[in-house]
Structures are given as C-alpha cells and as structure tokens.
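J.: Quick check, what structure comes out for this input:
(one chain, ligands or ions: 2)
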Amino acid sequence: MSLFDNDSDGSINAFSDNKKIWAIGGGKGGVGKSLVTANLSICLALMGYRVCAVDLDLGGANLHTCLGVNIPERTLSDYLSKKVHDLNKLLTPTAIPNLGIISGAQDDVGIANLRQIQKSKLLSKLRELDCDYIILDLGAGTTFNTLDFFIAADQGILIALPEPTSIENTYRFIKSVYHRKLKMIEELWEIGHIVDQAINAKITTNSLPADLIDKIIEIQPQIGQKVKAEIDNLRCKLIINQSRTQADIDIGFSMKLICKKYFGINLDYVGYLNYDATVWQSVKRRRPLLMEFPNSNLVTSFDKIIHRLLNIS
Ligand SMILES: Nc1ncnc2c1ncn2[C@@H]1O[C@H](COP(=O)(O)OP(=O)(O)OP(=O)(O)O)[C@@H](O)[C@H]1O
Ligand SMILES: [Mg+2]
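T.: Ligands and ions are numbered 1, 2, ... in the order given. I've put the predicted structure just below:
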C-alpha cells in the first residue's frame, strides 16, 4: 500500500466527468507552480487526454515558457477586455499532441481584482472547452482571485518547498482558503449571525479554527453539520517540491496531520519532486522538462503523482 493518499471515491471516468478543473497554487512565489502545471499537463496529454493548461498568474504569466511556446498572440487579457468572446480562440497548440495553452494576461490592468461574476463566467467558459482536463496555474499569494479559483476548481493542488518560509506560507494559504470558503457559505446561506455568535462564544484564545465549526454545530446542529460537510469538501492536495532528504519528504506527512488538527481540512499528500538540475537546464533551453529529459528521475515522480491524482495506482 502506498504511504501517500489516494481518493477512495472515484474511477478514472468519474474524474473525466466531474473533476475536470485542477488548480495549482502555493502560498509563495517561485515554489514550482508553473513547473508542476506544465508537466502534469504533459503527463495527462501523453496519457491520451485532451488537456488545456491555463495561465491564471494574471500579471506574471510565464507558463508558455515552461511549455516551450512563444507568448501567444492572444491572451486572457483579450478575453477579459472583451476583445475576444470565445475562449477557444485563445487556445494555442503546443508541440505536444493533445495539449494546448491559454496564456495569461501580460499586464494586470483591470485584472487584479476580478469581480465574482467575471470569475464565475470565466470558470464556466473554461469548463465548456472541449478538453478532458483544464489545469490552472495560479499566481502566488492569497489574493481573492487566487483563492476563488482554487476553491472553485475540482481539485486544488498546493506546492510547497521543504523550508520554513514556504511551509508558513502554505499554512497561510490554507487558512485563507478556509476563511474565504466560510465567508462564501455564510453569505450564501445567510448565516452570518450564527457564525458571529460562534466566534463570540467562549472559545479560548487557544482554540483552533476547526473548533469554530464545532461551536456552530453546538449552536445550530443542522446548519453546523452542513457547514462541516462543506469544509470537508475542501480536500486540498499537497506536493513537496525541491526535496533533498528524507526529512524533506516527510514534511508533507507532518503538514497533513497539522492541517487536519488545526483547520479540520483534509490535505492529501500526493508526492514529492526532488531538487534536480534538469529543471533549470530545461528552463534555460525553453523546453518542457518531460520532453527534454524523458529519462530523468523527476519524470518517474511526476508519473507517480499523476497516478495518485487520477486515483489509479
Ligand atoms: N524540483 C526542482 N529542482 C530544481 N529547480 C527547481 C525545481 N522546481 C522549481 N525549480 C526552479 O525554481 C524556479 C521557479 O519555478 P516556477 O517558475 O515553476 O515557480 P512558480 O511557483 O511558478 O513561480 P512564480 O510564483 O514566480 O510564478 C524555476 O526557475 C526552476 O528553475
Ligand atoms: Mg509561475
């Protein structure tokens, strides 16, 4: 049996139908989000799925480089500024069969804070693309844009480095996801007063975010259980990148335990990628890692990760 987590609830077909949009995020810049987006997309394309990689790092787009394509002529900027209405027109083919890219906005004019309605519309348009999987490369940090795309995706995948700053930022990201999701539920079900009551109730200063849900259950059992179910649905995946030692790899298991205890959120640890010189060599050559170094150790790691994400082992 694998030490890592697998979902227990789906076949590959269930994923094709229901778990189409994957979002790759991380609390910090430079942790490998674009590397992972590009190479997971390539893995899926090589498996025969039709894949679209989307650069949602609005303002800092560079996914095209990881996929070995020049900046496409049309980018999401054209869609967001209503010059292009059909996302299919932004889909640029790559050298890899079955894999296209929608490139990100090169400037952040009018994009930094998309309105909720624009985000929902963009997501439903992405879902309509004629692809099996849509892989979103999110920007760094915890802006509402990033959090909302992460929460709305069918799978949210977090990338963390095995170093204190990145781990801290990952927890901060998860905490922001937790609070954003709670806020959404609060507004949707108009239960702000119950949540406020729970916050104001005598919870000690040491109480954990997870305790808040218990308090809501205490106040309003039925609503509380519904909130709990929604938070339970927030299953994030975790990849540790740039590991060098077994201790680095094991950090993922500790993070999983802490996340459950602190936030009541299931963090599925789906694998690690070692620090490897082939990464920067392929970046320098502007060629995707998986195509440039098909025999590197990282390819095996990506293969394991993709199998866990697809729940086929
Ligand atoms: N496993 C690895 N081994 C060696 N170098 C790596 C590895 N992963 C990432 N890097 C290096 O780290 C740099 C950042 O990676 P990447 O651009 O994928 O991060 P990012 O999270 O998308 O960054 P940003 O937040 O700026 O978009 C890359 O230039 C790459 O050279
Ligand atoms: Mg990036």
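J.: going forward, measure contacts and count neighbours with C-alpha atoms only.
T.: OK.
J.: mind checking the SS state of residue 269?
T.: strand (DSSP: H, G, I helix; E, B strand; the rest coil).
J.: Distance check, it against residue 161.
T.: Distance of residue 269 to residue 161, computed by C-alpha to C-alpha, to the nearest Å: 13 Å.
J.: Does the one helix or strand residue 158 maps to reach ligand 1?
T.: According to DSSP states H and E, residue 158 maps onto strand 155-160. No: judged by C-alpha under 6 Å from any ligand atom, strand 155-160 and ligand 1 are separated, with a smallest distance of 7.7 Å.
J.: Residue 280 - how many residues pack around it?
T.: Neighbourhood size, residue 280 [other C-alpha atoms under 10 Å]: 11.
J.: And for residue 269?
T.: 25.
J.: quick one: pLDDT of it?
T.: Residue 269 carries a pLDDT value of 97.
J.: Quick one: residues contacting the nearest residue to it once chain neighbours are set aside.
T.: Ranked by C-alpha to C-alpha, 6 or more residues apart in numbering and with sequence neighbours excluded, the top spatial neighbour of residue 269 is residue 238, at 4.7 Å. Residues near residue 238 by C-alpha atoms under 8 Å, 6 or more residues apart in numbering: 157, 158, 159, 160, 252, 267, 268, 269, 270, 271.
J.: Residue 238 belongs to a strand?
T.: Yes: Residue 238: assigned to a strand according to three-state DSSP.
J.: Can you tell me the SS state at whichever residue of the stretch 51-200 of the chain sits closest to ligand 1?
T.: Going by C-alpha to the nearest ligand atom, ligand 1 is nearest to residue 140 of the stretch 51-200 of the chain, at 4.8 Å. With three-state DSSP as the basis, residue 140 sits in coil.
J.: what's it sitting at in phi/psi?
T.: phi -80, psi 160 (degrees, to the nearest 10).
J.: Local confidence estimate at it?
T.: Value for residue 140, per-residue pLDDT: 83.
J.: Go ahead and confirm it touches residue 32.
T.: No: with contact defined as C-alpha atoms under 8 Å, residue 140 does not reach residue 32; the gap is 10.3 Å.
J.: Settle it for me: which of these two has more neighbours?
T.: Neighbours per residue, other C-alpha under 10 Å: of residue 140 and residue 32, the larger number sits with residue 32, 23 against 20.
J.: ok, the residue of the stretch 201-313 of the chain at minimum distance from ligand 1 - how many residues close by?
T.: With C-alpha to the nearest ligand atom, the shortest gap between the stretch 201-313 of the chain and ligand 1 falls at residue 275, namely 3.5 Å. Neighbourhood size, residue 275 [other C-alpha under 10 Å]: 14.
J.: Also residue 96?
T.: For residue 96, using other C-alpha under 10 Å, the count is 15.
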